[in-house]
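*Asks:* need a 3D model of the following:
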Amino acid sequence: MRASVSLGTGKGFTVRDVSIATPIGREVAVEVRASGLCHSDMHLVSADFGVPMPAVFGHEVAGIVKAVGPEVTTMVPGDHVVACLIQFCGVCVVCTSGRSYACPNKQATLRRANQPPRLSMDGEALNQAYGIGGFAESVLVHENQLAVVNRLIPFAQASLLGCGTVTGAGAAINSAAVRVGDTVVVIGTGGVGLNTISGARLAGALQIIAIDIDDTKLEVAKRFGATETINSRETDAVQVVRALTGGGATHVFEVIGLEQTQAQALDMVGTGGGAYFVGLAKPGASVQMGSSLEMLRAHSSVTGVHMGSTNLKKDIPMYAELYLQGRLNLDDLVSQEITLGEIDEAYAQLERGGIIRSVITSF
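*Replies:* Sure thing, here's the model as predicted:
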């Protein structure tokens with residue numbers, strides 16, 4: 001099959017012929033119909049994060065089940081599925097307590113070292129990033145990383161559910177448990193930030209303030225439910241937020257991963273509120289949270305959010321239904337549909353701005 005392979009750090013993406021194995025155990029073979037270009041894949045290819053190379057990246061996948069291993073029980077050929085980079089065993093204490101997104105046994109979804117690799121090229125094993133490797137015509141994935149969705153949802157929109165939507169909307173709905181009448185601030189209006197705005201609207205937030213340095217992106221944020229917008233390049237965002245909210249917001253989501261904006265998020269939180277760090281920060285980044293006494297008096301909280309505290313088997317099908325009901329905006333997330341060979345250029349466009357998500361739909 002054809003796949004886009006990352007041959008090494010800084011070497012981008014190259015289309016190659018790749019061999020894919022037959023499903024065993026609880027593995028599922030999926031014909032990929034759409035694969036989204038998440039910013040995190042570009043980060044992992046551009047800098048040395050210790051990811052083994054060569055590798056096939058891509059984790060925002062939607063497609064059709066082609067074949068299943070003999071132990072698969074939750075899906076059958078013909079099902080429409082969405083992949084998710086959450087890897088969980090389903091049987092440990094963490095999983096059985098309802099926190100499968102934090103499972104420490106990710107290796108349970110992978111083949112063992114003494115088994116042949118799922119992917120290979122020229123007779124050598126290829127790393128399958130996140131256990132998915134979605135920049136390819138087909139994927140071979142453990143059933144725990146797949147959710148069956150309504151067949152009516154378009155593949156391009158469905159592909160975004162497994163990462164950007166579960167992370168962003170889940171941060172508001174699951175991690176922060178936003179309630180009707182709450183005030184919400186979202187710093188960063190890329191794909192995850194826009195989904196956070198969607199989640200806050202679904203949860204009933206009364207006031208949703210979007211912050212960015214790009215007026216075009218702020219206009220887009222209004223289509224997802226932002227009630228006010230702030231261009232932080234032109235004004236002191238902290239002062240404006242505190243004025244708009246009467247002293248600080250109930251929930252502040254930082255979706256960029258920068259020390260400066262994380263510090264601003266802390267200053268925007270009102271008494272009894274919470275700051276949520278959703279954006280992926282660089283290794284070694286830190287932020288000063290103030291004195292323990294100040295935090296005690298404000299009884300505020302700081303929470304690191306991983307994958308929107310998501311139960312992928314429940315949440316992904318739910319978001320698909322909300323889209324089909326017209327209550328979750330996915331259409332405006334799909335900026336363009338591209339071919340497998342256009343990944344490098346699409347990521348370059350993302351860096352230049354004006355692109356929310358490119359989705360591969362031609363392989």
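
*Asks:* any idea which helix or strand in the protein has the lowest mean pLDDT?
*Replies:* Across the helices and strands of the chain, mean confidence by mean pLDDT, DSSP states H and E is lowest for helix 292-298: a mean of 68.

*Asks:* following that helix, which helix or strand comes up?
*Replies:* strand 301-304 (DSSP states H and E).

*Asks:* contacting residues around Ala320?
*Replies:* Neighbour list for Ala320: 82, 149-150, 153, 158, 161 [criterion: CB atoms under 8 Å, 6 or more residues apart in numbering]. From N, CA and C alone the C-beta is placed, and that goes for glycine too.

*Asks:* typo on my end, Glu254
*Replies:* 187-188, 261-262, 264-265, 275-279.

*Asks:* then Ala346?
*Replies:* Per CB under 8 Å, 6+ apart, neighbours of Ala346: 37, 336, 338, 355, 358.

*Asks:* quick one: which of the contacts of Ala320 sit in strands?
*Replies:* Val82 (DSSP state E).

*Asks:* buried ones among the contacts of Ala320?
*Replies:* Using 16 or more other CB atoms under 10 Å as the burial test, the contacts of Ala320 include 82, 149, 153, 158, 161 as buried.

*Asks:* of those residues, closest to Ala249?
*Replies:* Relative to Ala249, the closest of the buried ones among the contacts of Ala320 is Leu161; by CB to CB it sits at 26.9 Å.

*Asks:* which ones among the contacts of Glu254 are found in strands?
*Replies:* Short answer: the contacts of Glu254 in strands (DSSP E) are 187, 275-277.

*Asks:* pLDDT, neighbour count and distance to Ala67 added to these, as TSV?
*Replies:* Output for the ones in strands among the contacts of Glu254, formatted as TSV (pLDDT from 0 to 100; neighbours: other CB atoms under 10 Å; distance: CB to CB, whole Å):
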residue	pLDDT	neighbour count	distance to Ala67
Ile187	98	28	44
Ala275	96	27	45
Tyr276	97	25	40
Phe277	96	22	40
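
*Asks:* gap between stretch 190-208 and the chain center?
*Replies:* 14 Å (CA atoms, centre = their mean, to the nearest Å).

*Asks:* likewise for stretch 127-136?
*Replies:* Offset of stretch 127-136 from its chain centre (CA atoms, centre = their mean): 15 Å.

*Asks:* likewise for stretch 8-21?
*Replies:* That offset, for stretch 8-21, works out to 22 Å (CA atoms, centre = their mean).

*Asks:* who's in contact with the nearest residue to Gln336 once chain neighbours are set aside?
*Replies:* In space, and not counting its chain neighbours, Gln336 is closest to Ser358: 5.3 Å by CB to CB, 6 or more residues apart in numbering. When contacts are counted by CB under 8 Å, 6+ apart, Ser358 touches 36-37, 335-338, 342, 346-347, 349-350.

*Asks:* and if you look at Asn195?
*Replies:* Contacts of Asn195 by CB under 8 Å, 6+ apart are 164-165, 167-169, 224, 333.

*Asks:* of these, which is the most crowded?
*Replies:* Thr165 (33 neighbours; other CB atoms under 10 Å).

*Asks:* so where do the helices sit in the stretch 151-300 of the chain?
*Replies:* Per DSSP state H, counting those that start in this stretch, the stretch 151-300 of the chain carries helices over the ranges 155-159, 164-170, 191-203, 215-224, 237-245, 259-268, 292-298.

*Asks:* mind listing what's buried in the fifth one?
*Replies:* Buried residues in helix 237-245, counted by 16+ other CB under 10 Å: 237-238, 240-242, 244-245.

*Asks:* now the closest residue to Arg111 other than its chain neighbours: how far from Glu337?
*Replies:* Spatially, and ignoring its direct neighbours in sequence, Arg111 is nearest to Arg118 (6.1 Å; CB to CB, 6+ apart). For Arg118, the distance to Glu337 (CB to CB, to the nearest Å) stands at 27 Å.

*Asks:* just want to know which of the two has more residues nearby.
*Replies:* Arg118 (25 against 14).

*Asks:* rewinding a little: among the contacts of Ala320, which one lies nearest to Val18?
*Replies:* Among the contacts of Ala320, Val82 lies closest to Val18 (CB to CB), at 22.0 Å.

*Asks:* hey, what's the closest one bridged with?
*Replies:* In this structure, Val82 bridges to Ala62, Ala147 when assessed by DSSP bridges.

*Asks:* next up, the contacts around Ala171.
*Replies:* Ala171 touches 196, 199, 253, 255, 276, 278, 305, 308-309, counting by CB under 8 Å, 6+ apart.

*Asks:* sorry, back to before: which ones among the contacts of Ala346 map onto helices?
*Replies:* Using DSSP state H, the subset of these located in helices is empty.

*Asks:* which parts of the stretch 1-150 of the chain are strands?
*Replies:* 2-5, 14-17, 19-20, 27-36, 55-56, 60-68, 80-83, 119-121, 124-125, 127-128, 138-142, 146-148 (DSSP state E, counting those that start in this stretch).

*Asks:* quick one: closest of these to Gly98.
*Replies:* Judged by CB to CB, the one of the strands of the stretch 1-150 of the chain that comes nearest to Gly98 is strand 146-148, at 16.5 Å.

*Asks:* roughly how far out does that closest one sit from the chain middle?
*Replies:* In terms of CA atoms, centre = their mean, the gap separating the centre of strand 146-148 from the centre of its chain is 15 Å.

*Asks:* contacts for it, please.
*Replies:* With CB under 8 Å, 6+ apart as the criterion, strand 146-148 contacts 28, 30, 74-75, 79-84, 162, 312-313, 316-317.

*Asks:* now do it, average pLDDT.
*Replies:* The average of the pLDDT scores along strand 146-148 is 98.

*Asks:* which positions within stretch 222-238 qualify as buried?
*Replies:* Buried residues in stretch 222-238, counted by 16+ other CB under 10 Å: 224-232, 237-238.
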